[in-house]
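[1] I need the structure of the sequence given here:
(chains A and B)
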Number of protein chains: 2
Amino acid sequence: MAAEELTRFTIAELAPRLQRREVSPVEVTQAHLERIARENDRLRAYLTVLPERALAAARRAEAEIARGQYRGPLHGIPVAVKDLFAIRGVRMTCGSQILAQHVAQQQATVVQRLEDAGAVLLGTLNLHEFAWGATSINPHYGTPCNPWDPTRLPGGSSGGSAVATRAGLAMATLGTDTGGSVRIPAALCGVVGLKPTYGRVSRHGVFPLCWSLDHPGPLTRSVTDAALVLQAIAGHDPADPTTRRLPVPDYAGALRGEVRGLRLGVPRPFFFEQLDEQVARAVEAALAVLRELGVTCVDLDLPLMRDVPGASLAIMVTEAYAVHEAWLRTRPQDYGADVRLRLALGSTVLGAHYLKAQRFRALLCQEVGEALRRVDALATPTTLLPAPRLDEPVVRLGGSEVVVAANLARFTRPFNLTGLPALSLPCGFSNEGLPIGLQLAGRPFDEATILRLAYAYEQHTSWHRRWPATALGSRGGAA
Amino acid sequence: MAAEELTRFTIAELAPRLQRREVSPVEVTQAHLERIARENDRLRAYLTVLPERALAAARRAEAEIARGQYRGPLHGIPVAVKDLFAIRGVRMTCGSQILAQHVAQQQATVVQRLEDAGAVLLGTLNLHEFAWGATSINPHYGTPCNPWDPTRLPGGSSGGSAVATRAGLAMATLGTDTGGSVRIPAALCGVVGLKPTYGRVSRHGVFPLCWSLDHPGPLTRSVTDAALVLQAIAGHDPADPTTRRLPVPDYAGALRGEVRGLRLGVPRPFFFEQLDEQVARAVEAALAVLRELGVTCVDLDLPLMRDVPGASLAIMVTEAYAVHEAWLRTRPQDYGADVRLRLALGSTVLGAHYLKAQRFRALLCQEVGEALRRVDALATPTTLLPAPRLDEPVVRLGGSEVVVAANLARFTRPFNLTGLPALSLPCGFSNEGLPIGLQLAGRPFDEATILRLAYAYEQHTSWHRRWPATALGSRGGAA
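    Predicted coordinates for the structure are as follows:
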């Protein structure tokens, strides 16, 4: 097999070959490291590459598999993490100037769990500064390049994670999602992005943006791969008191369950307004596919969604300011303009108003919870529009002007406020060849149902199999 | 039996006589209503008396008991609640001018539970305005009178509850405790005051001071009575999502358990500093009694306690401001000066700083939780000093000046921040004849152990049997 080819599998495809020793983890890792060496200057997905560490891990995996000590589907699989997951002894910049020289002294629980599952860590991935923005435009490290079109945003904040996953620089990655930071770049780059339920995955060793909204989650090339990575990282962690002591189901097993008879709520007001026409068309077509599979789609209204943007902003700026207050005083010039401005907002929110926003969350949870008694999951577009142009901060949609950076998270934020599991999966392409994301959200701790719906859809479509021309070696795109 | 005598029983003493029909609930209720009519102008314990409602309930109780439908130890017992528990159709002022004409449209869950247990509601009790102060000095309704000495503070904010219980105007009362508002007046008036664990007792229909610190709880004339009232009001309430779905133990049964071998932590730094000498002596004597009963006392240090006052203040002013913001804008002149000032403080606390105070609570819970793995409960004085004079806002203690209103809650607040169960019981009297309180605090949802310790102590002492001269009909005291 050509080395290049080894970077284009899904985990589910490659794992049996690794187990059967048809391919070695060392070959696979080398193929990825070579591709990173060749492409990363252009794609700006990695901030730190760990070739020696990765090859050592790959050799260990090779030896273990050779000895018959196969650990499971992640054994020997090259992965990477957003550069705010601590890897002991490795630089962790959080995409910032302030932490440019910071070396992690601990290991994030989820990093440890990936390594315990046998995964090979290739390095750490570019992101919006301190994970605070939906574009991944980064004044310190450059902006990750959307592999479908270098003139387009990759989405953020886990932009590097989505780019690496889509462009063959890692078979799966971890990101964090505070307002959509896993799902938005997943949608804009055409991969699967999963935000698990709040409390399902440990945040120990993950640099915080907002304690009450942050969720780590995987970005992968298929729904099955998302289930496999979630399986490895999910579950209670004594080091993170916000994780719940709940059993972790067999996610991969759950994929194969029947979807016929499931009820899918379609919240048309708010979530289907002001949409780009091509997004609307792709999402409607996706709903039609699900209906053909026996899923019942039910229109519903969630009136409190209108107040999500305000409440979300109040909570985000307040919690982030609590983290950054000291640096904002001593090193304001080291922040990018957008993050500095949002932090300044945090210095204006009164405690009482922060509390009102938190109280709104309780009402929102109640409203969505009631809807989720009548339906098994919700379906919405992931974003208003496909990847916007880097040079168009404002676009026209539905007859009015929309500030891209402020609106990319419009449909994703509600599931950070409610803590509900939500994933984005590819559901089509625009005429310009840009991927479009379908968002599925489920009941608390019921990642299995949205994975099952997503898997059924994926089995009947082929969007997730499309590779960007740039990732196939040619230098396509408009740049 | 003389009517007056009927106002001087404990519930545990009177209940069997009611059950055996030696006394009628109507007689008991009438005796209390007569005593209220005679004494309330002086004692200012009640804001609203409900003679007709009470007599109707008493007649129902009488008929039920006559039919053999005895409900249990609260059946036919006259009780009263702080004037911030909603009784449907009854005025609820919260001790404020702003709600002077407010009539409750709902029924607090705990009020309903008292009535379901057969208790007879006599009326609603005076308090610090909006429950926000440790003195009960009330510019709108007058200050409840300490039955031991009318020149002394009754303590607050549940001052009317403590006065009514101690002076024979109700056999038991409910108060709320946000920083010590049940335990402080209990200590200063010489009754038992219990703050249950956060989440043990419903707050539905209770006007909030601070959502994350408020606890309803009983004030009674004995530890047994506290157990009986807690039994009636404790347990999950679907209308209050902060209540926990946990079984409620048999509290009265638990009283009789062995205390020999229990370990009692005595946190001498912070909790035993700057004490009034007579308080120190009484508390040491109480610890000696407990040691004689086989309890092991262990000195310990809880260093984070030094930061409790600051964190507590930040949280209280922020949460209270969130409740009062609109009124503070439209009716500032209707607040008393002290409450208005504290509300103004609430308009200065940033969300990020509120969050830091909440994060401090997590550390404090950890520190106290670790101590409570080594000991079964903690013992401290309830207050720095016995009831201070109404006209001495500043006292000298331990060689320095202490602002009374700001320091009465010094030892009680930590157990609001941690949510741990805590009670105050009489443990002696000063040379001036003023009661002194011992505070016992326990593990989460383990009210039973502190009730058991308190009961054992009470069985071997007689402080709780002492009645103020004023309550015995004579007009003692200095007024």
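
[2] Give me the pLDDT value at residue A:471.
    On pLDDT, residue A:471 comes in at 66.

[3] again, but for residue A:1
    67.

[4] Please apply the same query to residue A:4.
    On the pLDDT scale, residue A:4 gets 85.

[5] That one against residue A:38, yeah?
    No. At 9.5 Å, residue A:4 does not count as touching residue A:38 under the criterion of CB atoms under 8 Å. The C-beta positions use only the backbone N, C-alpha and C, and glycine is treated the same way.

[6] mind listing what the spatially most central residue of chain A touches?
    Nearest residue to the geometric centre of chain A (CA atoms, centre = their mean): residue A:182, 2.1 Å. Residue A:182 is in contact with A:158, A:161, A:175, A:176, A:193, A:194, A:195, A:215, A:217, A:218, A:219, A:424, counting by CB atoms under 8 Å, 6 or more residues apart in numbering or on different chains.

[7] Show me what from chain A comes close to chain B.
    Chain A comes close to chain B at residues A:211, A:241, A:314, A:318-319, A:321-322, A:325, A:346-347, A:349-356, A:359, A:362, as judged by CB under 8 Å from any CB of the partner chain.

[8] If any of those are buried, give me the ChimeraX selection for them.
    Restricted to buried positions by 16 or more other CB atoms under 10 Å in any protein chain shown, the ChimeraX selection for the residues of chain A next to chain B reads:
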select /A:211,314,318,319,321,322,325,346,347,349,350,351,352,353,354,355
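
[9] Quick one: mark the members of the residues of chain A next to chain B that sit in strands.
    Using DSSP state E, no member of the residues of chain A next to chain B falls within strands.

[10] before we move on, the earlier item: how about the contacts of residue A:182, which pair is most distant?
    The span of the contacts of residue A:182, defined through CB to CB, is set by A:176 and A:424 at 14.6 Å.

[11] Break down the stretch 51-200 of chain A into its strands, ranges please.
    A:78-82, A:120-125, A:172-177, A:192-195 (DSSP state E, counting those that start in this stretch).

[12] ok, now the stretch 251-400 of chain A?
    A:263-267, A:296-300, A:377-381, A:394-397, A:400-403.

[13] Of all those, which one comes closest to residue A:138?
    That would be, of the strands of the stretch 251-400 of chain A and by CB to CB, strand A:400-403, which comes in at 18.9 Å.

[14] I'd like the mean pLDDT over that closest one, please.
    94.

[15] Can you list the strands that that strand pairs with?
    In the sheet containing strand A:400-403, the strands it pairs with under DSSP bridges are strand A:394-397 (antiparallel).

[16] Residues contacting the partner strand, please?
    A:274, A:275, A:276, A:384, A:385, A:388, A:401, A:402, A:403, A:404.

[17] Report the beta-bridge partners for residue A:152.
    Note on residue A:152: beta-bridge partners residue A:389, judged by DSSP bridges.

[18] what's the burial count for the closest residue to residue A:372 other than its chain neighbours?
    Computed as CB to CB, 6 or more residues apart in numbering or on different chains, the closest residue to residue A:372 that is not its neighbour in sequence is residue A:443, at 5.0 Å. The number of residues packed near residue A:443 is 20, by other CB atoms under 10 Å in any protein chain shown.

[19] which residues sit in contact with residue A:443?
    Shown in contact with residue A:443 (CB under 8 Å, 6+ apart): A:372, A:376, A:377, A:420, A:421, A:449.

[20] one more time with 10 Å
    A:197, A:368-369, A:372-373, A:375-378, A:420-421, A:449-450 (CB atoms under 10 Å, 6 or more residues apart in numbering or on different chains).

[21] Closest one to residue B:259 out of the residues you listed, please.
    Using CB to CB, those come closest to residue B:259 at residue A:197, 44.1 Å.

[22] tally of neighbours for the residue nearest to residue A:259 when sequence neighbours are not counted?
    Excluding the flanking residues, the one nearest residue A:259 by CB to CB, 6+ apart is residue A:456, at 4.4 Å. Using other CB under 10 Å, residue A:456 has 23 neighbouring residues.

[23] Look at residue A:456 and tell me its secondary structure.
    Here residue A:456 is helix, with the state taken from DSSP: H, G, I helix; E, B strand; the rest coil.

[24] show me what contacts it?
    Counted by CB under 10 Å, 6+ apart, residue A:456 has contacts A:223, A:255-260, A:262, A:289-290, A:293-295.

[25] Show me which of those are buried.
    By 16+ other CB under 10 Å, the contacts of residue A:456 give A:223, A:255, A:259, A:262, A:290, A:293, A:295 as buried.

[26] So which of the residues you listed are in helices?
    Among the buried ones among the contacts of residue A:456, the members found in helices (DSSP state H) are A:223, A:255, A:290.

[27] now the helices: where do they sit in the stretch 51-200 of chain A?
    A:51-66, A:109-116, A:159-166, A:183-189 (DSSP state H, counting those that start in this stretch).

[28] I'd like the ones you listed as CSV, with mean pLDDT, distance to residue A:267 and mean neighbour count appended.
    As requested, the helices of the stretch 51-200 of chain A are exported to CSV (pLDDT from 0 to 100; distance: least, CB to CB, whole Å; neighbours: other CB atoms under 10 Å in any protein chain shown):
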stretch, mean pLDDT, distance to residue A:267, mean neighbour count
helix A:51-66, 98, 43, 17
helix A:109-116, 98, 31, 22
helix A:159-166, 98, 25, 35
helix A:183-189, 98, 16, 35
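
[29] Of the ones you listed, give the one that comes closest to residue A:96.
    With CB to CB as the yardstick, what comes closest out of these is helix A:159-166 (13.8 Å).

[30] Determine the set of other helices and strands touching the closest one.
    helix A:25-43, strand A:46-49, strand A:78-82, strand A:120-125, strand A:172-177, helix A:183-189, strand A:192-195, strand A:215-220 (3 or more CB pairs under 10 Å, 6 or more residues apart in numbering or on different chains; DSSP states H and E).
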